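**Q** need a 3D model of the following:
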Amino acid sequence: MKNFPRFLIVFLCLCFANIAFSQKRKGNAVIYKNYNLQAAGLIHKLNATKDTLILQSERKINYLYTANRKDEGRVKVRVDGNSYKLPLNRLKKGRNVMVAIQSPLKIVFVVNVLKEFPRPFNESLTAIVD
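**A** Got it, this is the predicted structure:
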């Protein structure tokens, strides 16, 4: 009977440790949104599979670019529309600071790519036609 409370305490500690450390992040990317009132007009989110960045706005989005220190995963796109979808395989693994320009606003948010996305074999090939 003396060992039962010790056994119970060890068992509960193992159960709580398993619960605490087994929670994984769902998806391959995390977005840290800009909650500024002036940035409320731009909807920036990830799709359900978390492999595409979706931008939507009532106002025209002029440009989208990354503001990272290194040029290796640099994205610079002229959007000139109210919506845009950016596949996350164009971003490098790690933290990517994104800037969306809606004249005269520059809206900054962060996309953290947790796992490298596979890149297409041929960048110019976008669809396979039978």
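
**Q** quick one: low-confidence parts of the chain?
**A** For the chain, residues meeting the criterion pLDDT under 70 lie at 1, 12-27, 72-73, 121-130.

**Q** that one: helices as residue ranges?
**A** Listed in chain order, the helices of the chain (DSSP state H) span residues 3-21.

**Q** and the strands in it?
**A** Defined through DSSP state E, the strands belonging to the chain, from first to last, are 29-32, 42-46, 52-66, 76-87, 94-102, 105-113.

**Q** from the contact counts, what lies against the longest one?
**A** Translated: strand 52-66. Where contact means 3 or more C-beta pairs under 8 Å, 6 or more residues apart in numbering; DSSP states H and E, strand 52-66 is packed against strand 42-46, strand 76-87, strand 94-102. Glycine gets a C-beta too; all of them are placed from N, C-alpha and C.

**Q** and the angle for it with strand 94-102?
**A** An angle of 80 degrees separates the directions of strand 52-66 and strand 94-102 when computed by axes from the mean of the first three to the mean of the last three C-alpha atoms, to 10 degrees.
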